[in-house]
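Colleague: with the input below, show me the fold.
(chains A and B)
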Amino acid sequence: MTVHLVLFYLLAATAIGSALLIVSMKNLVRSLFLFFVTLFAVAGLYIFALADFVAITQVIVYVGGVLVLMLFAFMLSNRALLNDLQEGVRGVFALPRWQALLVATSFLAILLFVAVEIGENEPYWITEAQDNQSIIQPQDNTIHHLGINLMTRYVLPFEVVSVFLMMALMGAAHLARKEEKQS
Amino acid sequence: MITLAHFVIVSAILFSIGLYAVLAKKNAILILVGIELMINAAVLNLVAFGRYDGALYGGQTFALFAIVLAAAAVAVALAIILNVYKHYKSIDPDDINELKD
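Modeller: Below you'll find the model as predicted:
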């Protein structure tokens, strides 16, 4: 039990710490690579919520796809960045902008207030689920249940998402293509 | 067993960091990273609440959908950023201040 909690706090500290470093680093490539660390730590947190398939999807989609795409676009779009890398650690931390800091911290205060409220008196459907023992247990086969639900109850959102994904890929290919010479 | 409040607090902190990145950063790609952080915080909430839905698995299913939609959004957004860079020679949102060619 305590091992669980220690591991959870470790992963949460890794996620939050690397996210804070992302926003405070001046070097943009370093902060992009730190984003890897955040994504892995958040995937570990998903496993603690007993969502192992979502965690694996997170690693495959984000680390395998999104981050490589981001690095690729970054290398294409910013040449001054490479000079910045070679100059070393000049100005590691950027100064925070106070307006953005104010908005973010006040939003954090609201969210934390709601989180504490939820922790004290949980919604009725959660207590109901705890009474009925219909919580997901660690020994449940989540992938089996997810597959069946995806193909029966959630088949309409599944198809909508697949069509949307095709549209998005076609749109991205159209936007990124080289413009032809107009004759 | 880790309680719900733990997950909600962690995702609240991640969401605020993402919000700060969106508001304060001077680079369009880092703003995109901030949006991704916010989406990850939301997915963490979905997964943590979905634990109490043992019959339908609604939380985990929609977490999967959210991850897929975020990937599609990143592909389109990066294509737009590349086009903007081609046109303005900069990806600082403060420099991008006109609509016409």
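Colleague: any regions of the chain where pLDDT drops low?
Modeller: Picking chain A for this. Along chain A, the parts satisfying pLDDT under 70 run over A:77-96, A:179-183.
Colleague: that's the other chain; I wanted chain B
Modeller: B:100-101.
Colleague: for chain A, give me its nearest residue in it.
Modeller: In chain B, the residue that lies nearest chain A is B:Ala5 (2.9 Å; Cβ to the nearest Cβ). For glycine as for every other residue, the C-beta is placed from the backbone atoms N, C-alpha and C.
Colleague: what residues are up against that residue?
Modeller: A:115-116, A:118-119 (Cβ atoms under 8 Å, 6 or more residues apart in numbering or on different chains).
Colleague: can you tell me which of the residues you listed is nearest A:Ile126?
Modeller: Nearest to A:Ile126 among the contacts of B:Ala5: A:Ile118, at 8.9 Å, using Cβ to Cβ.
Colleague: can you list contacts of the helix or strand hosting that closest one?
Modeller: Per DSSP states H and E, A:Ile118 falls inside helix A:98-120. Under the criterion Cβ under 8 Å, 6+ apart, residues B:3-5, B:8-9, B:12-13, B:15-17, B:19-20, B:23-24 lie in contact with helix A:98-120.
Colleague: go again using 7 Å as the cut-off
Modeller: Helix A:98-120 is contacted from outside by B:3-5, B:8-9, B:12-13, B:15-16, B:19-20, B:23-24, using Cβ atoms under 7 Å, 6 or more residues apart in numbering or on different chains.
Colleague: what's downstream of it, the next helix or strand?
Modeller: Assignment by DSSP H and E places the next element after helix A:98-120 at helix A:124-132.
Colleague: so is that following helix next to chain B?
Modeller: Yes: using Cβ under 7 Å from any Cβ of the partner chain, a contact is recorded between helix A:124-132 and chain B, made by A:126, A:129.
Colleague: buried residues in stretch B:82-101?
Modeller: Within stretch B:82-101, the residues scored as buried using 16 or more other Cβ atoms under 10 Å in any protein chain shown are B:82, B:84-85, B:91.
Colleague: is there proximity between that stretch and chain A?
Modeller: Yes: Stretch B:82-101 lies within reach of chain A by Cβ under 7 Å from any Cβ, at B:82-83, B:85, B:91.
Colleague: list the backbone torsions phi and psi for A:Met25.
Modeller: Backbone torsions for A:Met25, taken as degrees, to the nearest 10, come to phi -80, psi 150.
Colleague: one step back: farthest-separated two in the contacts of B:Ala5?
Modeller: Between any two of the contacts of B:Ala5, the greatest separation by Cβ to Cβ is 7.4 Å, found for A:Val116 and A:Ile118.
Colleague: mind checking the SS state of the spatially closest residue to A:Ala19 that is not a sequence neighbour?
Modeller: Leaving out its chain neighbours, the residue that sits closest to A:Ala19 by Cβ to Cβ, 6 or more residues apart in numbering or on different chains is B:Ile17, at 4.5 Å. Under the three-state scheme (DSSP: H, G, I helix; E, B strand; the rest coil), B:Ile17 adopts helix.
Colleague: show me the contacts for B:Ile17.
Modeller: Going by Cβ under 7 Å, 6+ apart, B:Ile17 touches A:19-20, A:23, B:37.
Colleague: are any of the contacts of B:Ala5 buried, and which?
Modeller: Restricting the contacts of B:Ala5 to buried positions leaves A:115, A:118, with burial counted as 16+ other Cβ under 10 Å.
Colleague: so what's B:Val10 closest to, chain neighbours aside?
Modeller: Spatial nearest neighbour of B:Val10, chain neighbours left out: A:Ala12 (4.7 Å); criterion: Cβ to Cβ, 6+ apart.
Colleague: then B:Ala71?
Modeller: Closest residue to B:Ala71 apart from its sequence neighbours, by Cβ to Cβ, 6+ apart: A:Val61 at 5.2 Å.
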